[in-house]
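J.: For reference, the sequence and a predicted model appear below.
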Amino acid sequence: MNRRQFLAAAASTAAIHAVPAKIDAAPAAPSRRKLREFEYSQVTLTGGPLADHYRRVHRHFLTLDNDRVLKVYRQRAGLPAPGADMGGWYDADGFVPGHLIGQFISGLARLSAHTGDAAAAAKALALLDGYAATLGADNNPYASSKASTTWPCYILDKYEVGLLDAAALLHSDQARALLPRVISGAQQFIPDHTYDRDANSPKQAPYDEPYILSENLFRVHELLGDERYLKLARLYLLDSYFDPLARGRNILPGKHGYSHVIALSSAAKAYEVLGDLRYLQAIRNAWDMLEQTQEYASGAWAPKEAFVTPHRGELAASLVSTHEHFETPCGYYAHSKLARYLLGFTADARYGDGLERVLYNTILGAKDPDDNGGCFYYSDYHARATKSYYQRKWPCCAGTLVQSVADYPLNLYFHDDFGIYVNLYAASAVRWESGGVPVTLTQRTGYPESESIAIDVAPDSPAEFSVSVRIPAWIDRPATLTVNGKDVATRRGSFVAIRRRWTKTDTIQLTLPFATRTVPVDDRHPEIMAILRGPLMMSAIDAAEDVSVSAALAGKLLPFYQVKDEVYSTYFRGV
């Protein structure tokens, strides 16, 4: 990075962190959301496993060699291209050349927006500047000049999210100006219609996914105000997928897991922008289908990246037929985005439960990447498994890993016009204004290993607003909730709202009773079980191949996220 880029990034991050946003003001435009997310900068991770994972991922992606990331683009443009080859999927002769650069820019922008780290911002802007220099007169945005560019829709979507995040979070005018050029240059490679990733559908590029494009095209329209992008967003909506879901027809079996869940974010954005209730019903029904017919105990889904047919025991069969049970960073990223949309539209605590489940039991347990493209890809629920990297360097999960972890702050808290919602429990703090009064809410907790959470509510001066806390549906005994020692009634599976005039010394104390329980893998195999304690799926360390629940409980158990290089098992024979 040069001095100009560093100073620009420092100025941007200073602006981001200057003023806490108000949560009691109406949104600038009519909103279909009951709850809204906080800004990245308003939330601080203060300790515990989320903060530890965040710091490790933040540190890792700061070490990326920009010359290596830009090399394939500079080669295509005929520019000097220093640095070693990236290798794996990323190179000119790789599976998806140059596919990660947009996600790296996006993730670095999000990391900077949360932490105020000028180095992360400068790195994102330097990648953006280097990429912009490779666009020729035809604005070809891809690392390949061939008409057969692999996954042009998939890669375009990643370019867009990187440019959108650089424009919104780093205030980059260059990113804003590049969006029309990149989309225009990509149109010679992408189809003029949408289609599903299906063997019987027309394909203009192997495995491409035009149906994932709409969400970010809607965002481009919001940013630039150009009706062309609204038309494109509507063009790529896969109504042949969304309409049956809206009617309650389960058409998930056989479909690709990640791409069909991330496509639900396009339906969510379509509902938000267009107001068409079909799309809201589609994502709500799809969530139910995932939760009731597709999920392992961890919240993961799609073994070998394909949804199973319900009620045939296919999840149980997958435990012995494959080690590829969940495309973890990508699948988690899609799942968490869908959960946040649904929380926003409905304010229903069940989506917070689902987000907690998949966060603590999948992405948090991802093996840390190495310095040369080694990346954790699949969660493995086979007996006596170990965590390992994908067989090729720089797979798609390298991009969704940094985006997923950078989004941890967005998952914890939401707000409406009346107050704040505490959605996830983790050592953290959030700062906002209520009625013009600055407020800091702080969680002191060892969750998810401890069942006790202390929440300090500290307005700078007395202020009236609501604090709503999520009581998970998984508890089997009543939660204990007090404010300054006085009991508050609770109801499992809901947000409990506490409205009062708060002062600097007020404390909420919440205890969620943890219990050990078993969850069958599917409805055809109730005798094959996972062990959960509170929100956590437990793994038996170095257990025998066919071990019973009782034997697993008598041995060494660790939450999946604490497993490092040990041999572990996650499903057991019932007694």
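T.: Thanks, I have it. What you are looking at is a predicted structure, and each value in this text was computed from that prediction instead of being measured.
J.: in stretch 32-41, what counts as buried?
T.: 33, 35-41 (16 or more other C-beta atoms under 10 Å). (C-beta placed from N, C-alpha, C; glycine too.)
J.: biggest separation within those residues, which pair?
T.: For these, the maximum inter-member distance is 19.8 Å, found between R33 and S41 (C-beta to C-beta).
J.: Can you tell me how far the residue nearest the centre of the chain is from A166?
T.: The chain has Y333 as the residue nearest its centroid, 2.9 Å off, counting by C-alpha atoms, centre = their mean. Look at Y333 and A166: by C-beta to C-beta, to the nearest Å, they are 19 Å apart.
J.: Show me where the stretch 251-400 of the chain has its helices.
T.: Assigned by DSSP state H, counting those that start in this stretch, the helices in the stretch 251-400 of the chain fall at 257-274, 277-293, 314-321, 328-346, 349-361, 397-406.
J.: Could you tell me the angle between the third one and helix 277-293?
T.: Yep, that's helix 314-321 we're talking about. If you take axes from the mean of the first three to the mean of the last three C-alpha atoms, to 10 degrees, helix 314-321 sits at 60 degrees to helix 277-293.
J.: Averaged pLDDT, helix 314-321. What do you get?
T.: For helix 314-321, mean pLDDT is 98.
J.: Also stretch 352-360?
T.: For stretch 352-360, the per-residue pLDDT averages 98.
J.: Could you break the protein into its assigned domains?
T.: Per the record, the chain has its domains at 1-21+64-236, 419-511, 516-573, by automatic domain parsing.
J.: want to throw those into JSON lines with distance to K367?
T.: What follows is the domains of the chain, written out as JSON lines (distance: least, C-beta to C-beta, whole Å):
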{"stretch": "domain 1-21+64-236", "distance to K367": "16"}
{"stretch": "domain 419-511", "distance to K367": "19"}
{"stretch": "domain 516-573", "distance to K367": "8"}
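J.: Compare these and report which one is nearest to D368.
T.: domain 516-573 (9.2 Å).
J.: for the record, mean pLDDT for the closest one?
T.: 97.
J.: Would you mind measuring the gap between the ends of that domain?
T.: 16 Å (C-alpha to C-alpha, to the nearest Å).
J.: Look up the residues forming beta bridges with L481.
T.: L481 has the following beta-bridge partners by DSSP bridges: L510.
J.: okay, now it: neighbour count?
T.: Per other C-beta atoms under 10 Å, the neighbour tally for L481 reads 21.
J.: And it, what's its pLDDT?
T.: 98.
J.: what does A28 give?
T.: Reported pLDDT for A28: 39.
J.: next one: Q204
T.: The model's pLDDT for Q204 equals 53.
J.: And for the one 5 residues further on?
T.: The predicted structure scores E209 at 93 on the pLDDT scale.
J.: just K71 next, same as before
T.: On the pLDDT scale, K71 gets 98.
J.: The residue nearest to it when sequence neighbours are not counted in helix, strand or coil?
T.: In space, and not counting its chain neighbours, K71 is closest to A81: 4.7 Å by C-beta to C-beta, 6 or more residues apart in numbering. Assigned with DSSP: H, G, I helix; E, B strand; the rest coil, A81 falls in the coil class.
J.: doesn't Q75 make contact with A81?
T.: Yes - using C-beta atoms under 8 Å, A81 is in contact with Q75, at 4.8 Å.
J.: Look up how far V437 lies from T503.
T.: Going from T503 to V437 by C-beta to C-beta gives 11 Å.
J.: Great, nothing more from me.
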